[in-house]
Every structure is written in C-alpha cells, then in structure tokens.
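**Q** Need coordinates for the following:
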Amino acid sequence: MSLVGFSAVATITLLLCVMTGPDRDDLDEFYTGYNSLSPMRNGLAIAGDYISAATVLGTGGVIALFGYDGIVLALSTALSLMLLMFLLAEPLRNAGRFTMGDALTRRMPGRSVRIAACAVTITALVPLMLVQLAGTGQLLAFLLGFGGDTLQTGCIIGVGALMISYAAIGGMKGTALIQILKMIMLLGSGAVVAVLILNRFDWDPGALFDAAAAKSGVGPAFLESGLQFAHGPNPRLDMITSQLTVVLGGACLPHVTMRMYTASSARQVRRSMSWAVSSVALFVLVITVVGCGATALIGRAVIAQADPRGNTAYLLGSQAAFGPAVSTTETFLFTTVTTAIFLTLLASVAGMILACANSLAHDVFAARVREMSPRREMTLARVSALAVGVPAILLATLVQHHSLQPLVTLSFCLGASAIAPALVYSLFWRRYTRTGLLSTLIGGSLAVLLLMPGTNLVSGSPLSAFPDADFNWFPFTTTGLVSIPLGFACGWLGTMASGRQKAAEQRRQYEAVEGWILAGAARRRA
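**A** Reported below is the predicted structural model:
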C-alpha cells in the first residue's frame with residue numbers, strides 16, 4: 001500500500017505542476033505565482049517550505065532519543081519562524097522582488113552583491129538537499145523492505161528527477177500547491193497518530209512523559225536538559241549554542257524567505273505568517289507526542305538499534321500507536337503517514353531547487369544582460385534547476401551511507417552566521433555599505449566552513465560522518481558560538497573600513513528607500 005500511495009502522490013503532484021505551470025514568457029507568474037495565493041494557502045506553503053523531511057525525521061529522532069533536548073529543539077523551530085514573522089517578513093517583502101539578491105541590492109546595487117547572494121544561497125541549500133535526497137533511498141528501503149545499494153541509488157535518482165521537474169515546470173505556484181498538500185497530509189496524519197498515542201495513556205501527557213523516561217534507559221535524565229550533549233566538555237553551553245543557531249538560521253534560509261515575495265501586500269504577508277506559525281506550532285505538538293510516544297511504547301534501545309540517529313522514530317512511533325493487531329483502517333492510516341513523509345521529501349527538495357535556480361538565473365545570468373527577454377530568463381531558470389539538481393543527485397548517491405547530521409547543521413549555521421546578519425544589517429542599518437555586506441556574506445560563510453570540519457559531528461564519535469577518524473578540535477556540535485558573532489562583526493568591520501564618505505553615501509541611499517523597506521510606502525520593481 002505504501003508503494004501505491006507513493007505512486008499516486010507522485011502522479012497527482014506532477015499533474016498539479018503541469019496544470020499550474022506558468023506561461024513561457026511570464027516571469028512574475030514563475031517567480032511569485034502572481035501573488036495570487038490567499039493568506040491561508042501562502043501560510044501553509046511557507047510552513048511546508050520550512051518543515052523539511054530533516055525536521056520531521058531528525059527532530060522526531062532527537063525527541064525520542066534525548067527527550068527534553070529534542071522538545072526544546074522543536075520549540076526552537078517554531079520560535080525561528082516567529083522571529084521571521086515579527087522582524088524580517090514585511091521588510092523582506094517590501095525590499096525584494098524575486099530573490100534574496102533583489103532584497104540585498106535594493107539599497108546597494110551591484111553585480112558582486114548578487115553573485116555573493118547566489119553563492120551563499122546555493123552553499124546553504126545544497127547540503128539540505130543532499131540530506132533529503134539521501135533520506136529518500138533510506139526511507140523507501142525501510143518501508144518497502146529492500147536493502148540493496150543499487151535499489152537505494154535508483155530511488156534517489158528517480159525521485160531527484162521528479163523533484164527537478166516540480167521546480168522547472170511548476171515554478172512558485174506549482175511548488176506552493178505541493179507544499180500545501182504536504183502540510184495537510186502531514187498535520188492530518190500526525191494528529192491522528194498523536195491522538196491514538198494519547199489515548200493509550202488515558203489522555204494524560206504526564207503519564208506519557210513518565211513512561212518515556214522509564215523506557216529511555218537513562219531515567220529522569222530523559223526529562224532534563226543536556227542529555228544530547230552529555231559527552232561534550234560544555235553540555236549546557238553546547239545546547240544553548242545549538243538552539244540559537246536553529247532560531248537565527250532556520251527561518252532565514254533562502255527557500256523560506258522567497259515565499260515572502262509571493263504576498264501581494266504587507267497585510268497579506270502578516271496574515272500568511274500567522275497561518276505559517278500556527279501550522280508549525282501544531283506540528284511541534286504532534287511531533288513531541290509522537291517522538292515521546294515512540295520511546296514510551298517501544299523503548300529507546302529499539303529506536304537506536306533501528307537507526308542510531310533516531311530518524312525512523314516517527315515511523316516506529318506511528319506503527320506502535322496502532323498496536324499489535326492492525327486493522328485495514330489502521331494500515332491505511334499508516335500508509336497515509338508514510339506517504340506524507342514521502343511527499344515532505346519531494347516538496348522540500350523541490351522548494352530548495354527552485355530557490356537555487358531562481359537565484360542562479362535572476363542574480364547571475366540575467367544581471368549580466370541589461371535587457372534580457374522574459375522568455376529567455378525563464379528558460380535559464382528551468383535550465384538552472386537542472387544544473388543545480390543533477391549534481392545534488394550525484395552527490396547524494398555518494399553520501400547516502402554516511403551520517404548526514406553535519407550537512408543539516410552546516411545549512412543552519414550558514415543561515416545564522418551569514419544570511420541572518422546580512423538581512424538584518426541591510427534592512428535596518430543605515431550606514432551599512434557594500435563592503436560590509438560582502439564581508440558579512442563571505443566572512444560568515446568562511447567561518448562556518450572552516451570550523452565545521454572540527455566538530456564532533458564530522459569525526460571523533462561513533463555517530464559522526466567519519467567515525468574511524470578523529471580530527472575533532474572544536475569542542476561544540478555547531479559553529480554558532482563563534483561564527484554568528486563573527487558574521488555580525490565582519491559586517492561592522494567592513495562598514496567601518498569603508499570610511500565616512502561611503503557610510504554617508506549609504507545613509508542617503510537607505511533613506512531614499514527606507515519608506516519602501518520598512519513601511520511598504522510603495523513597492524518599486526527592480
């Protein structure tokens with residue numbers, strides 16, 4: 001039934017993309033869907049882009065294995081979207097048109113800024129793409145019962161080709177419909193499983209948490225902070241740094257921020273974000289119950305044996321919720337759960353490929369030509385989807401048997417250390433200069449790329465990407481403690497190094513567009 005569900009979802013979603021695909025010469029429809037989505041639909045699409053398969057499977061696994069630390073991680077994801085809602089959503093919508101490069105060049109025009117924005121976009125999103133694509137093979141192997149490397153690689157290639165088609169054919173509106181369908185299935189099926197689990201514990205969350213702690217093998221420590229980072233030299237500081245990285249980096253990733261440009265007004269973007277935050281908050285409740293329920297019903301040892309990172313905990317918890325005697329209805333419900341996760345994989349990568357392709361076509365290629373025809377730019381965007389997707393598929397086949405947690409962490413660290421400082425400074429700091437912006441993007445990214453190989457996610461532990469090697473010299477799980485302040489510092493130093501004359505010039509340029517950026521007084525097309 002899972003195979004039938006996967007095939008049906010793939011067919012229906014591809015058909016939706018073909019039916020809603022833009023005309024060949026309509027850039028606004030391809031990049032923004034004509035701002036035609038209602039706040040509810042746009043909010044569900046934002047939530048769909050934000051909740052990736054790595055969030056569903058990875059966060060569910062952390063909750064099942066480490067209890068309190070995983071619940072805080074889930075809450076951090078909701079807090080990150082709230083930060084985007086209250087701080088950046090409206091200014092981003094006012095300043096941007098199609099891509100993050102548009103928002104950054106609103107007050108600092110220049111090809112160098114667009115190229116840097118495109119480079120950071122691709123660098124931040126490709127690791128997340130690899131995680132989702134590699135997870136496709138593992139998910140299908142787990143559900144369909146095969147373990148051959150050739151079959152898993154074939155699944156990655158086939159599903160990857162489908163994801164490229166979504167981005168190239170459907171554009172923003174087509175991928176939005178897939179994200180909406182994904183959120184409806186994910187929240188609906190997850191809520192049913194959560195209700196079944198709570199029913200097993202007489203609707204008492206306290207009894208659920210106590211049972212999870214009893215079967216965790218670590219007792220009360222399961223409900224206390226620091227279990228996930230207990231083997232590090234500074235568990236509490238490591239935990240705070242990890243949560244800070246998620247809060248600052250999660251909602252600033254380009255495939256999420258690109259949805260801000262699809263709102264037709266400031267009021268629309270506020271209402272869309274309200275729907276998005278509400279959806280993510282509901283998802284946090286669902287995944288907390290399912291993750292803890294998995295530990296309470298089958299035990300932490302069984303979950304860790306199935307996958308040391310706990311990525312199968314969400315599925316195992318869903319299976320356990322139905323009990324040993326499974327009826328036809330319960331089989332159908334579990335098939336809906338697995339199909340929702342499969343759709344989450346499809347939709348997440350499609351959104352990321354679209355963000356990278358849009359940036360590559362609009363910020364790099366179209367910016368070189370003063371007057372490029374819309375038809376040619378759209379063709380470039382579709383070719384760019386292929387140019388981004390094919391290498392990602394090939395890399396995913398190479399890394400599928402390694403621990404992929406470093407890649408997830410790398411993306412969030414880049415979002416928190418390079419993209420977040422650049423957006424905050426460019427949208428709110430009057431003196432910020434082009435040199436400061438380039439220093440932020442380049443300095444923050446280099447700090448993450450240099451520090452990440454030294455973390456214990458890459459080497460030095462049995463669960464690292466290279467368990468047999470040990471070049472672990474950085475004593476934290478994420479680079480945020482150093483790279484986030486460094487990203488902001490690079491922007492400040494670059495601006496100070498530009499001199500008073502440049503700073504005064506940038507102040508004048510910012511004041512000329514301040515009404516557009518902060519208040520939406522007018523929306524200038526660029």
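
**Q** count of neighbours near residue 237?
**A** Neighbour count of residue 237, defined by other C-beta atoms under 10 Å: 14. For glycine as for every other residue, the C-beta is placed from the backbone atoms N, C-alpha and C.

**Q** Residue 481 is in contact with that one, correct?
**A** Yes - between residue 237 and residue 481 there is a contact under C-beta atoms under 8 Å: 7.3 Å.

**Q** Do a quick rundown of the helices in the stretch 201-350 of the chain.
**A** Applying DSSP state H, counting those that start in this stretch to the stretch 201-350 of the chain gives helices spanning 205-214, 235-249, 254-257, 266-298, 300-306, 313-321, 328-359.

**Q** With mean pLDDT added, can I get those helices in JSON lines?
**A** JSON lines is the format used below for the helices of the stretch 201-350 of the chain (pLDDT from 0 to 100):
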{"stretch": "helix 205-214", "mean pLDDT": "92"}
{"stretch": "helix 235-249", "mean pLDDT": "90"}
{"stretch": "helix 254-257", "mean pLDDT": "90"}
{"stretch": "helix 266-298", "mean pLDDT": "92"}
{"stretch": "helix 300-306", "mean pLDDT": "88"}
{"stretch": "helix 313-321", "mean pLDDT": "87"}
{"stretch": "helix 328-359", "mean pLDDT": "85"}
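
**Q** got the phi/psi numbers for residue 459?
**A** phi -150, psi 170 (degrees, to the nearest 10).

**Q** Quick one: residues contacting it.
**A** By C-beta atoms under 8 Å, 6 or more residues apart in numbering, the residues touching residue 459 are 453, 465-467, 469-472.

**Q** Can you check the pLDDT for it?
**A** Looking at residue 459, its pLDDT is 84.

**Q** From residue 469, how far off is it?
**A** 4 Å (C-beta to C-beta, to the nearest Å).

**Q** likewise residue 116?
**A** Residue 116 is 32 Å from residue 469, by C-beta to C-beta.

**Q** Between those two, tell me which one has more neighbours.
**A** residue 116 (23 against 11).

**Q** check contacts around that one.
**A** By C-beta under 8 Å, 6+ apart, the residues touching residue 116 are 437-438, 441-442.

**Q** name the element it belongs to?
**A** helix 111-144 (DSSP states H and E).

**Q** That helix versus helix 235-249: what angle between them?
**A** 110 degrees (axes from the mean of the first three to the mean of the last three C-alpha atoms, to 10 degrees).

**Q** how much space between residue 141 and residue 151?
**A** From residue 141 to residue 151 the distance is 7 Å (C-beta to C-beta).

**Q** Give me the more crowded residue out of those two.
**A** residue 141 (17 against 14).

**Q** so residue 286 sits right up against residue 188, yeah?
**A** No - counting by C-beta under 8 Å, residue 286 does not reach residue 188; the two are 9.9 Å apart.

**Q** Between these two, point out the one with more neighbours.
**A** residue 286 (25 against 14).

**Q** which ones are touching the more buried one?
**A** Residue 286 neighbours (C-beta under 8 Å, 6+ apart): 187, 190-191, 193-194.

**Q** Name the nearest residue to it, sequence neighbours excluded.
**A** Leaving out its chain neighbours, the residue that sits closest to residue 286 by C-beta to C-beta, 6 or more residues apart in numbering is residue 190, at 3.9 Å.

**Q** can you give me the angle the strand or helix carrying residue 155 makes with helix 111-144?
**A** Using DSSP H and E, residue 155 sits in helix 149-165. Put simply, helix 149-165 runs at 130 degrees to helix 111-144, going by the same axes, to 10 degrees.

**Q** And helix 149-165, what does it pack against?
**A** Contacts defined by 3 or more C-beta pairs under 8 Å, 6 or more residues apart in numbering; DSSP states H and E place helix 149-165 against helix 2-20, helix 111-144, helix 328-359, helix 374-399.

**Q** Return the residues in contact with the nearest residue to residue 213 once chain neighbours are set aside.
**A** Excluding its sequence neighbours, the residue lying closest to residue 213 (C-beta to C-beta, 6+ apart) is residue 222, at 4.3 Å. Residue 222 is in contact with 66-68, 212-213, 216, 295, 300, counting by C-beta under 8 Å, 6+ apart.

**Q** Most neighbours of all those residues, which one?
**A** For the contacts of residue 222, neighbours tallied by other C-beta under 10 Å; top is residue 295, 33 neighbours.

**Q** Low-confidence regions, the stretch 351-500 of the chain specifically.
**A** 369-371 (pLDDT under 70).

**Q** For it, just list every one of the strands.
**A** Here the stretch 351-500 of the chain has no strands by DSSP state E, counting those that start in this stretch.

**Q** how near is residue 42 to residue 269?
**A** 8 Å.

**Q** which residues are in contact with both of the two?
**A** Joint contacts of residue 42 and residue 269 (C-beta under 8 Å, 6+ apart) are residue 263.

**Q** Residue 299 - how many residues pack around it?
**A** 18.

**Q** what about the residue lying closest to residue 368 once chain neighbours are set aside, how many residues close to it?
**A** Once flanking residues are discounted, residue 368 sits nearest to residue 111: 7.4 Å by C-beta to C-beta, 6+ apart. Using other C-beta under 10 Å, residue 111 has 13 other residues around it.

**Q** again, but for residue 134
**A** Residue 134: 22 neighbours (other C-beta under 10 Å).

**Q** and if you look at residue 468?
**A** When neighbours are counted by other C-beta under 10 Å, residue 468 comes out with 7.

**Q** residue contacts, it?
**A** Applying C-beta under 8 Å, 6+ apart, no residues contact residue 468.

**Q** distance of it from residue 460?
**A** Relative to residue 460, residue 468 is positioned 10 Å away (C-beta to C-beta).

**Q** what do you get for residue 488?
**A** Counting by C-beta to C-beta, the gap from residue 488 to residue 460 is 29 Å.

**Q** just residue 138 next, same as before
**A** On the measure of C-beta to C-beta, residue 138 and residue 460 end up 24 Å apart.

**Q** pLDDT weak spots in the stretch 1-150 of the chain?
**A** 23-26, 33-36, 145-148.

**Q** if I pick residue 37, what's in contact with it?
**A** Contacts of residue 37 (C-beta under 8 Å, 6+ apart): 45, 173, 176, 262, 272.

**Q** So which of these is the closest to residue 61?
**A** The shortest approach to residue 61 among those belongs to residue 45, at 25.8 Å (C-beta to C-beta).

**Q** Extract the C-alpha trace of the host helix or strand of that closest one and format it as CSV.
**A** Assigning secondary structure by DSSP H and E places residue 45 in helix 39-50. Output of helix 39-50 as CSV, limited to C-alpha atoms (Å, rounded to 0.1, in the frame of the first residue of the first chain):
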residue,chain,number,x,y,z
PRO,A,39,-3.0,34.2,3.2
MET,A,40,-4.0,30.7,4.3
ARG,A,41,-2.6,28.9,1.3
ASN,A,42,0.5,31.0,1.3
GLY,A,43,1.0,30.4,5.0
LEU,A,44,0.7,26.7,4.5
ALA,A,45,3.2,26.9,1.7
ILE,A,46,5.6,28.8,3.9
ALA,A,47,5.2,26.2,6.7
GLY,A,48,5.7,23.5,4.1
ASP,A,49,9.0,25.0,2.9
TYR,A,50,10.1,25.5,6.5
